[in-house]
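Trainee: Build me a model from this:
(2 chains)
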Amino acid sequence: MPRNVYFSQGTTAEKRLYEDIIIESLKIFGHDVYYIPRKIVNTNAIFNEDALSEFGNSYMIEAYLENIDGFAGDGDLLSKFGVEVRDQMNLILSARRWEDLVGRFSTDSPINIARPKEGDLIYFPTVNGLFEITFVEDETPFYQLQNLPTFKLTCELFEYNNEAIDTGVDAIDKFETQFASRTRLTLGAGSGTYNIGEDVTQGLGDKSPQTVITAEVAGDGTDYVDVSSITTSFDSPELSTQQFSITSGSIGNLVGAESGASYAITGIDGFNTIDDNDSDAQNIDFETIGNDFINFEETNPFGMPNVIT
Amino acid sequence: MKKAVAVFGTIFNNIKIVRQGGGMERVPLSYGPKKKFLARINSERDQAEKRSIAIKLPRMAFEITSISYDTAAKLNRMNKRLFPIEGSSVRKNTVMQSVPYKLGIQLNILATNQDDALQIFEQILPTFTPEYTVAIKNMEGPDTSTDVPIVLNGVSFSDDYEGSFETRRTLIYTLEFEMRVRFAGTVTEGKVIRIVDTYYYSRLLSDDDSPTVKTANPVGEENVRIIANDDDSPFDSLDSPLDITTTFGFDYASP
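Mentor: So this is what the prediction gives:
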């Protein structure tokens, strides 16, 4: 039997009103969060995973935090891998606002779907937390006025995997500075001062196109600079994995993109910086104490900590 | 045990992974068990603000999971090692035979990507055939070097990728090792034998007599006392120990 035609189940005006009320509620009771789309740089087609991702943009949007008594999830726990924080939260976004503030800019994504995507990040300034969207429920409330006005995002704290984060918002970009694995480059002759957070590059060889190693300055000292998130330009159909090299001949200086500082690289040490920004890492402790007992008359099968000088 | 943990950690503290188009990075390693309060406060040690990610990956952790006596490697318990004491020829350090134990050590690899985990996993596997032997210093006493096999007994992994989207995918590779260590007792200081009383039969005996040894005056007549000089080493391997006509570092005491 057909439904009663005298009762509307949602005119366009009613839908807009419904959405407006939701948006107003979100603006009153919600929080400003940053939506950070994931850019997949390199995909592993065999294992169906992103081999390399980066986060290069952020968009502020209002969102309602559904958890009023604290985060969901397992909270802080001590596992064999150290302290893990398993906080989860649910955020409600307006679909229309998301499209206005985020969706219409997401044109460079290979998967262009008109909703927040799993794998994207949310930075929640109130708790200073970087969250990953694990699931987007886009059918709640369920067609009450023949539309779907909101997205419900299930988010959990991000498992950082050395991704580059360059959104232009310092509060977000600091996650890379703070947590990315570092390599210490000892500097020789040169001039200028690198800025923390700026990109630095080194050109390798004189082939055309030249292979360029790029990284971000994470810290500095008297005669060194710590860099993180090292990436390489693609100099061949196979993606290069070449690293920084000691300056010599056609191997150039380390040049700051913003500061213009330029110094020769005289030493590369990726080992002694492991523990610097990872409180659970004990690599150097083991090296220091273990070498008192271990008799490596040959060498460590996995390589001695190779500091290239 | 502390040595074993440190040595095990040293072997695996320089594992690297490479991402195509990205850089090479070393994998953080830690000993799993921790004081909870230290772990908690250390996790925010270097941060001005509260910790704001879940965890940094990939990473590895290991822990001792079992200890059992290694009956196959048992040696005579009366064996002992002597170590010279510098500046003294009359005293020696002594360590009794060490006892063999098998330490079960579990190494876990946690990663978000299968590719990262496999890079770590595949670096480790070829080295253990199934054992890799490392020499550990001072395990059985001063200036010793003991070969300690580390045997890879088994590998497994868990990848709980199935289920609802709200649950986290956890990818863990587990390697079960057995480290054959030895525990040696305390180093004790022992004196070197410097006086030897040798008793001879005082006379030829007739068949009816029982053998007698002159003990009333052990030093005298046919009996001999041998005393090492203060400054001489009592050991002289070039001399026959039966040839008492030499002094081989000893002086005869006057009867």
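Trainee: is chain B contacted by stretch A:36-52?
Mentor: Yes. Shown here: stretch A:36-52 in contact with chain B (Cβ under 8 Å from any Cβ of the partner chain) through A:41, A:42, A:44, A:47, A:49, A:50, A:51, A:52. No exception for glycine: its C-beta is placed from N, CA and C like everyone else's.
Trainee: Now intersect those residues with the strands, please.
Mentor: Counted as lying in strands by DSSP state E, out of those, are A:41, A:42, A:44, A:49, A:50, A:51, A:52.
Trainee: before we move on, the earlier item: just put the residues of stretch A:36-52 next to chain B in JSON lines and tack on neighbour count, pLDDT and distance to residue B:142.
Mentor: Formatted as JSON lines, the residues of stretch A:36-52 next to chain B follow (neighbours: other Cβ atoms under 10 Å in any protein chain shown; pLDDT from 0 to 100; distance: Cβ to Cβ, whole Å):
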{"residue": "A:41", "neighbour count": "18", "pLDDT": "82", "distance to residue B:142": "55"}
{"residue": "A:42", "neighbour count": "16", "pLDDT": "81", "distance to residue B:142": "54"}
{"residue": "A:44", "neighbour count": "15", "pLDDT": "85", "distance to residue B:142": "52"}
{"residue": "A:47", "neighbour count": "13", "pLDDT": "89", "distance to residue B:142": "51"}
{"residue": "A:49", "neighbour count": "17", "pLDDT": "88", "distance to residue B:142": "52"}
{"residue": "A:50", "neighbour count": "20", "pLDDT": "87", "distance to residue B:142": "54"}
{"residue": "A:51", "neighbour count": "21", "pLDDT": "81", "distance to residue B:142": "51"}
{"residue": "A:52", "neighbour count": "23", "pLDDT": "82", "distance to residue B:142": "51"}
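Trainee: Would you mind listing the residues in contact with residue B:120?
Mentor: Residue B:120 sits next to B:15, B:17, B:27, B:58, B:60, B:109, B:111, B:173 when contact means Cβ atoms under 8 Å, 6 or more residues apart in numbering or on different chains.
Trainee: Just those: which are in strands?
Mentor: Using DSSP E, B:17, B:60, B:109, B:111, B:173 are the members of these that sit in strands.
Trainee: picking up where we left off before, turn the contacts of residue B:120 into a markdown table, columns for pLDDT.
Mentor: Below are the contacts of residue B:120 laid out as a markdown table (pLDDT from 0 to 100):
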| residue | pLDDT |
| --- | --- |
| B:15 | 91 |
| B:17 | 89 |
| B:27 | 92 |
| B:58 | 92 |
| B:60 | 95 |
| B:109 | 96 |
| B:111 | 94 |
| B:173 | 96 |
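Trainee: filter those residues down to the ones near chain A?
Mentor: Checking the contacts of residue B:120 against chain A (Cβ under 8 Å from any Cβ), the matches are B:15, B:58.
Trainee: ok now do residue B:19, which residues does it touch?
Mentor: Residue B:19 makes contacts with A:42, A:51, A:52, A:162, A:241, B:25, B:115, B:116, as judged by Cβ under 8 Å, 6+ apart.
Trainee: and the one helix or strand residue B:62 maps to, what does it pack onto?
Mentor: Using DSSP states H and E, residue B:62 sits in strand B:59-69. Where contact means 3 or more Cβ pairs under 8 Å, 6 or more residues apart in numbering or on different chains; DSSP states H and E, strand B:59-69 is packed against helix B:2-11, strand B:29-31, strand B:99-111.
Trainee: what sits against residue B:74?
Mentor: Shown in contact with residue B:74 (Cβ under 8 Å, 6+ apart): B:99, B:100.
Trainee: Could you tell me the phi and psi values at it?
Mentor: Main-chain dihedrals, residue B:74, degrees, to the nearest 10: phi -70, psi 140.
Trainee: distance of it from residue B:103?
Mentor: Note on residue B:74: its distance to residue B:103, by Cβ to Cβ, to the nearest Å, is 16 Å.
Trainee: how many other residues sit next to residue 124?
Mentor: In the absence of a named chain, chain A is used. By the criterion of other Cβ atoms under 10 Å in any protein chain shown, residue A:124 has 20 neighbours.
Trainee: my bad, chain B
Mentor: For residue B:124, the tally of surrounding residues (other Cβ under 10 Å) stands at 22.
Trainee: Quick one: residues contacting it.
Mentor: Residues near residue B:124 by Cβ under 8 Å, 6+ apart: A:302, B:12, B:15, B:107, B:152, B:175.
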